[in-house]
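**Q** next one to model:
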Amino acid sequence: MRVVDDGGAGGAIVARDGDEVVLVRVTASVSESEHALPALDVSEEDAADMRDECLHYLLDHKREDAVRHDVVAVAITGDRQATLRHLVGVCRWSED
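**A** Numbers count the residues shown, from 1 in each chain. Have a look, this model is predicted:
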């Protein structure tokens, strides 16, 4: 993915994955365990917010016909150490 805008869609990062527009929400946590996995908890409310962000993005960018929303979770596990998880396609919105 290539970042296009670092916060122009309701706080989400806007990126491109090939020809696809991707809104990315990033969450972070700190853990004392070097084996900790970042939490990818997406509540119904979060998913609804992401669907709204997708719709608003398409309404504001008429030349785009589809967008997806991903979540990236980072757990900081030590000095210069972190683990990362990427949940692809929490929601998608397409005009097709």
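**Q** between the two ends of stretch 28-42, how far is it?
**A** One end of stretch 28-42 to the other measures 13 Å (CA to CA, to the nearest Å).
**Q** buried residues, that stretch. List them.
**A** Buried residues in stretch 28-42, counted by 16 or more other CB atoms under 10 Å: 31, 36, 38, 42. The way it works is simple: take the backbone N, C-alpha and C, and place the C-beta from them, glycine included.
**Q** tell me which residues are up against that stretch.
**A** Under the criterion CB atoms under 8 Å, 6 or more residues apart in numbering, residues 27, 50, 71, 73-78, 81, 83-85, 87, 90 lie in contact with stretch 28-42.
**Q** distance from the chain centre to that stretch, please.
**A** 16 Å (CA atoms, centre = their mean, to the nearest Å).
**Q** for this protein, what helix or strand is lowest in average pLDDT?
**A** The helix or strand of the chain with the poorest confidence is strand 2-9; it has a mean of 75 (mean pLDDT, DSSP states H and E).
**Q** now the element after that strand, going C-ward?
**A** Where DSSP states H and E defines the elements, the next helix or strand beyond strand 2-9 is strand 12-17.
**Q** if we can go back for a sec, now go through the contacts of stretch 28-42 and say which are in helices.
**A** The helices, defined by DSSP state H, take in residue 50 from these.
**Q** residues in contact with the nearest residue to residue 3 once chain neighbours are set aside?
**A** Leaving aside its sequence neighbours, residue 3 sits nearest to residue 15 (CB to CB, 6 or more residues apart in numbering; 5.0 Å). When contacts are counted by CB under 8 Å, 6+ apart, residue 15 touches 1, 2, 3, 4, 21, 22, 23, 24.
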